[in-house]
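*Asks:* coords please:
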Amino acid sequence: EEMVDYLVNTEINSQRIASVENCFGASGQPLAVPGRVLLGEGILTKECRKKAKPRIFFLFNDILVYGSIVINKRKYNSQHIIPLEDVTLETLPDTLQMKNRWMIKTSKKSFVVSAASLTGRMHWASAAKDSVSQALPKTGRQPSTEHAAPWIPDKATDICMRCTQTKFSTLTRRHHCRKCGFVVCADCSRQRFLMPRLSPKPLRVCTLCYRQLMAEKKKEAEGGQEQPDQIHSAMTGYEPSSGDDSDKSDDDKVEQWPAGAEFYASEVPWSSFHS
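*Replies:* The predicted model follows:
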């Protein structure tokens, strides 16, 4: 809180925010608004649908911004903006592939990131938690209890997680249920369901979630209650992305990174928190 007050109208803060805007260029949204302070920045490894990838993250006192790295500290794209009042953080255990992990959960999208070191995770987690706890009272909202399910990475399973019969191959595609995040086959995800909290269009759901959602809808219709999905209206000003993190376009782009760099194990990622 003191640091925010100290930095709020300073030239250095304005310069830092202008520099972030510059790096995103015309593809990003303007980030300079009165009262906004850049608290920290750094590279974190984000678990995406296809594989874990380095992403640049910026923590402000009211939003979290991240994007893809084209040239480090010079050019970023695929900007995503998450209002902090919608964020819940959860520390996760290490896996063989990734250490120092935590989940960023929001009503529209949830995903896993990891830092280069335990200290890095502690810095990010404490700074983000402080910012989230200060952002909430200003909006008068309660902490979000409903979060989008994180997508299970494609390579986590070779068979459909619902029917457990269908084997995935180059011809048999993997799909994701937008409600539970499971990797499922086309036959087990033929249904679509409107979840206004996630998207204005009906989204792919697996057979089990579809049955549950239809049962809830029926119960609500009988009780005349408002659907929980419609209580969270989309936050003004920002259009959060789908759970796919524009992976398809990412894989077509050549990332300016050393071939085969092990980001989670190396000292490539960096973080700095401004004081």
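
*Asks:* Could you look up the SS state of the residue located most distally from the centre of the chain?
*Replies:* Distance to the chain centre peaks in the chain at E222, reaching 35.1 Å (criterion: Cα atoms, centre = their mean). The three-state label given to E222 by DSSP: H, G, I helix; E, B strand; the rest coil is helix.

*Asks:* Point out where the stretch 101-250 of the chain drops to low pLDDT.
*Replies:* For the stretch 101-250 of the chain, the stretches flagged by pLDDT under 70 are 143, 224-250.

*Asks:* out of everything not next to it in sequence, what's closest to P93?
*Replies:* R101 (7.5 Å; Cβ to Cβ, 6 or more residues apart in numbering). For glycine as for every other residue, the C-beta is placed from the backbone atoms N, C-alpha and C.

*Asks:* could you measure that neighbour against L208, distance?
*Replies:* According to Cβ to Cβ, to the nearest Å, R101 stands 27 Å off from L208.

*Asks:* which of these two has more neighbours?
*Replies:* Comparing R101 with L208 by other Cβ atoms under 10 Å, the one with more neighbours is R101, at 22 against 16.

*Asks:* ok, the more buried one touching F111?
*Replies:* No - under the criterion of Cβ atoms under 8 Å, R101 is not in contact with F111, lying 10.7 Å apart.

*Asks:* Now the lengthiest helix in the chain - C-alpha only, PDB.
*Replies:* Longest helix of the chain, by residue count under DSSP state H: helix 118-139. Extracted C-alpha coordinates of helix 118-139, given in PDB (Å, rounded to 0.1, in the frame of the first residue of the first chain):
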ATOM      1  CA  LEU A 118      11.300 -20.800  -5.000                       C
ATOM      2  CA  THR A 119      12.300 -17.200  -4.100                       C
ATOM      3  CA  GLY A 120      10.800 -16.000  -7.400                       C
ATOM      4  CA  ARG A 121       7.500 -17.700  -6.600                       C
ATOM      5  CA  MET A 122       7.500 -16.200  -3.100                       C
ATOM      6  CA  HIS A 123       8.000 -12.700  -4.500                       C
ATOM      7  CA  TRP A 124       5.300 -13.100  -7.100                       C
ATOM      8  CA  ALA A 125       2.800 -14.800  -4.800                       C
ATOM      9  CA  SER A 126       3.200 -12.200  -2.000                       C
ATOM     10  CA  ALA A 127       3.100  -9.200  -4.300                       C
ATOM     11  CA  ALA A 128       0.100 -10.500  -6.200                       C
ATOM     12  CA  LYS A 129      -1.800 -11.500  -3.000                       C
ATOM     13  CA  ASP A 130      -1.200  -8.100  -1.500                       C
ATOM     14  CA  SER A 131      -2.400  -6.400  -4.700                       C
ATOM     15  CA  VAL A 132      -5.500  -8.600  -4.900                       C
ATOM     16  CA  SER A 133      -6.400  -8.000  -1.300                       C
ATOM     17  CA  GLN A 134      -6.200  -4.300  -1.800                       C
ATOM     18  CA  ALA A 135      -8.000  -4.300  -5.100                       C
ATOM     19  CA  LEU A 136     -11.100  -6.100  -3.800                       C
ATOM     20  CA  PRO A 137     -12.400  -3.600  -1.200                       C
ATOM     21  CA  LYS A 138     -12.200  -0.800  -3.800                       C
ATOM     22  CA  THR A 139     -14.800  -2.600  -5.900                       C
END
